[in-house]
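> what follows is a predicted structure for the sequence shown.
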Amino acid sequence: MKKTEETYVHAPEVAERLSWLRGQLLSWFGGKGRSFPWRDHGRAPYEVAIAEILLQRTTATGVARVYPGLIERYPSWETLAQAPLEDLERALRPLGLWRQKAQAFQRLAQSLKEHEGGIPRSRAELEGLRGVGPYTASALLAVVYGQDEPLLDVNMARLLDRFFERPEDAGVGRDRSLNQLARHLVSGERSLQVNWAVLDFGALVCKARRPRCQECQLQSRCQHALSRATPTSNTLSG
DNA sequence: CTCCAGTCTC
DNA sequence: GAGACCGGAG
């Protein structure tokens, strides 16, 4: 008998840990969270969309270097559509993936020129746009339209994997299960803040390479920190 | 050498 | 489900 993902997420133990995690992340974010121009309140949907494409598989600090100049040079979908592809590519070069991003920009500019409502409001429509996948669709829904969507990127996946060292779900159930956890984590008040907190926390503390477990305020309840603090075997005395 | 607010193609 | 895309930072 295998228990479903829903059972796991809704287990009192797990729900309580999610709630605690959420609180810790928010408090950490208040003091150590990062500040980026595309997070500023009142950003135009266009500017948010540009940022989300730029951020795909690219460090936020890198994007921050190019972003202001890019928005200044191409302040609207119209200017973006009219820009010579070569100029656009040159501006994106230092970020990497420059061909994809430049093409995505111009395709979006073309598509949205027709679409009078601006950025689509539904996931289906968003994912129909070239260059917009599940993550970017969530990001646009969350940032532009204020929906409670989890920004389940590499950071959030890593954090959840470590914090809940979930048993035996490496198979097909993993994606589904991860999504459930992410959705519960960011649901409710201050959803966007929690999302940003996770991204920043993943970049600064719960890193891929060398996680800062010693100085991490989650360590008391993080499975990853706990298991590495007490190595499974002690081959010392030998 | 790995990793980065992923997505598309085969 | 792999590989490609891509330059730069650690």
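Looks like it came in fine. Numbering: from 1, shown residues only, chains lettered A, B, ... in the order given.
> rest of the way, CA atoms for contacts and neighbours
Will do.
> give me the contact list for the longest helix seen in chain A.
The residue-count maximum for a helix in chain A (DSSP state H) belongs to helix A:12-32. Contacts with helix A:12-32, where a contact means Cα atoms under 8 Å, 6 or more residues apart in numbering, come from A:8-9, A:181, A:184-186, A:193-194, A:197-198, A:200-201, A:217-218.
> just the buried ones from these?
Neighbour-count burial (16 or more other Cα atoms under 10 Å) applied to the contacts of helix A:12-32 gives A:8-9, A:181, A:184-186, A:193-194, A:197-198, A:200-201, A:218.
> what residues does chain A put near DNA strand C?
Counting by Cα under 7 Å from any atom of the strand, the residues of chain A lying close to DNA strand C are A:57-59, A:62, A:93-100, A:172.
> looking at these, which is nearest A:Arg123?
A:Arg57 (20.5 Å; Cα to Cα).
> near DNA strand B, which residues of chain A?
Checking chain A against DNA strand B by Cα under 7 Å from any atom of the strand, the hits are A:36, A:38-39, A:52, A:55-61, A:97, A:127, A:129-137, A:139, A:153-155, A:196, A:199-200, A:202-203, A:207-209.
> check which helix or strand covers the nearest residue to A:Leu70 once chain neighbours are set aside.
For A:Leu70, ignoring the flanking residues on the chain, the nearest one in space by Cα to Cα, 6 or more residues apart in numbering is A:Ala91 at 7.4 Å. Using DSSP states H and E, A:Ala91 maps to helix A:85-92.
> and the angle for whichever helix or strand comes after that helix with helix A:85-92?
Next helix or strand after helix A:85-92 toward the C-terminus (DSSP H and E): helix A:98-114. Put simply, helix A:98-114 runs at 120 degrees to helix A:85-92, going by axes from the mean of the first three to the mean of the last three Cα atoms, to 10 degrees.
> who touches helix A:98-114?
With Cα under 8 Å, 6+ apart, helix A:98-114 has contacts from A:50, A:53-54, A:77-78, A:80-81, A:85, A:88-90, A:92, A:118-119, A:129-131.
> before we move on, back to that, so after the longest helix of chain A, what's the next helix or strand?
helix A:45-55.
> now that next one against helix A:85-92, angle please.
Relative orientation of helix A:45-55 and helix A:85-92, computed by the same axes, to 10 degrees: 70 degrees.
> distance of the residue nearest to A:Leu70 from DNA strand B?
Going from A:Ala91 to DNA strand B by Cα to the nearest atom of the strand, to the nearest Å gives 17 Å.
> my guess is that residue meets A:Glu72, correct?
No: A:Ala91 is beyond contact range of A:Glu72, at 12.0 Å (criterion: Cα atoms under 8 Å).
> for these two, indicate the residue with more neighbours.
Taking other Cα atoms under 10 Å, A:Ala91 and A:Glu72 do not tie; A:Ala91 has more neighbours (16 against 9).
> show the pLDDT at that one.
Note on A:Ala91: pLDDT of 98.
> cool, A:Pro231 as well?
pLDDT, A:Pro231: 67.
> same question for A:Arg228.
86.
> okay, now it: neighbour count?
10.
> how far away is it from A:Gly146?
38 Å (Cα to Cα, to the nearest Å).
> just the ones of the residues of chain A next to DNA strand B in helices?
Per DSSP H, the subset of the residues of chain A next to DNA strand B in helices is A:52, A:55, A:60-61, A:127, A:134-137, A:139, A:154-155, A:196, A:199-200, A:202-203.
> generate a PyMOL selection restricted to the buried subset of the residues you listed.
In PyMOL, this line selects whichever of those come out buried by 16+ other Cα under 10 Å:
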select buried, chain A and resi 52+55+60+127+135+136+137+139+155+196+199+200+202+203
